[in-house]
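Student: sequence first, then the predicted structure, then my questions.
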Amino acid sequence: MTPEFITHALALGIGATLVMDIWAWFLRRFFNIPSLNYAMVGRWSGHLLRGRFRHDNIAKAEPIAGEAPLGWSLHYGIGAALAALLLALTGPEWRLAPTPLPALGFGLLTVAAPFFILQPGLGAGIAASKTPQPNVARLRSLSAHASFGVGLYLSALLLARLL
């Protein structure tokens with residue numbers, strides 16, 4: 001991994017995650033649709049470091065010092081790591097001349113992480129199966145990760161124009 005690759009991955013990941021967060025803000029502001037509380041992601045990761053992967057309800061777990069900044073840092077760090085994976089899969093050609101399909105498809109594939117790692121760990125079950133409205137939760141996750149894919153593409157377009 002070259003410094004240029006790392007810089008591009010960081011730029012794409014941060015840009016895409018920012019688009020995801022803008023989408024979440026829009027849904028919350030205009031449609032009163034809540035988004036993930038990243039403090040709970042921080043709490044979960046703090047407990048993960050102590051050897052506990054799964055909780056019945058992460059909101060009832062013991063709070064972790066600095067859980068909100070930790071959760072938000074992980075959110076953006078994971079976005080950058082996923083962008084690096086996309087860049088590794090598509091090669092330098094895509095980075096120089098991005099097209100929408102790889103970014104959008106990859107963004108949708110990333111929903112596997114919350115479905116099979118985060119949601120079970122938080123106590124929501126596989127693919128939100130233990131939530132009051134699993135299909136609503138699944139659609140919200142798909143929407144969030146589709147917006148991440150859009151963000152990957154838009155960030156790649158912007159970066160390609162700046163190169």
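Tutor: That came in fine, so what should we check first? In this text, all values refer to a predicted model and were calculated from it rather than measured experimentally.
Student: without its sequence neighbours, what residue ends up closest to the residue of the chain positioned farthest from its centre?
Tutor: Using C-alpha atoms, centre = their mean, the residue of the chain lying farthest from its centre is residue 163. It sits 25.8 Å away. Spatial nearest neighbour of residue 163, excluding adjacent residues (C-beta to C-beta, 6 or more residues apart in numbering): residue 96 at 6.8 Å. Yep, even glycine has a C-beta here, placed from its N, CA and C like the rest.
Student: my guess is the one you found contacts residue 161, does it?
Tutor: No: between residue 96 and residue 161 there is no contact under C-beta atoms under 8 Å: 10.6 Å.
Student: who has more neighbours, these two?
Tutor: residue 96 (11 against 7; other C-beta atoms under 10 Å).
Student: any low-confidence regions in the protein?
Tutor: Along the chain, no part satisfies pLDDT under 70.
Student: could you rerun that using 80?
Tutor: Low-confidence segments of the chain, defined by pLDDT under 80: 163.
Student: which stretches of it form helices?
Tutor: 3-31, 38-49, 67-96, 100-109, 112-113, 119-122, 134-162 (DSSP state H).
Student: any idea which of these is most buried?
Tutor: helix 119-122 (a mean of 22; mean count of other C-beta atoms under 10 Å).
Student: what does it rub up against?
Tutor: 40, 44, 48, 53-55, 57-58, 125-128, 137, 141 (C-beta atoms under 8 Å, 6 or more residues apart in numbering).
Student: and if you look at stretch 152-163?
Tutor: 8, 11-12, 14-16, 19, 83, 86, 94-100, 103-104, 106-107.
Student: swap in 10 Å and give it another go.
Tutor: 4, 7-8, 11-20, 79, 82-83, 86-87, 90, 94-104, 106-107, 110 (C-beta atoms under 10 Å, 6 or more residues apart in numbering).
Student: ok now that stretch, how far from the chain's centre?
Tutor: 19 Å (C-alpha atoms, centre = their mean, to the nearest Å).
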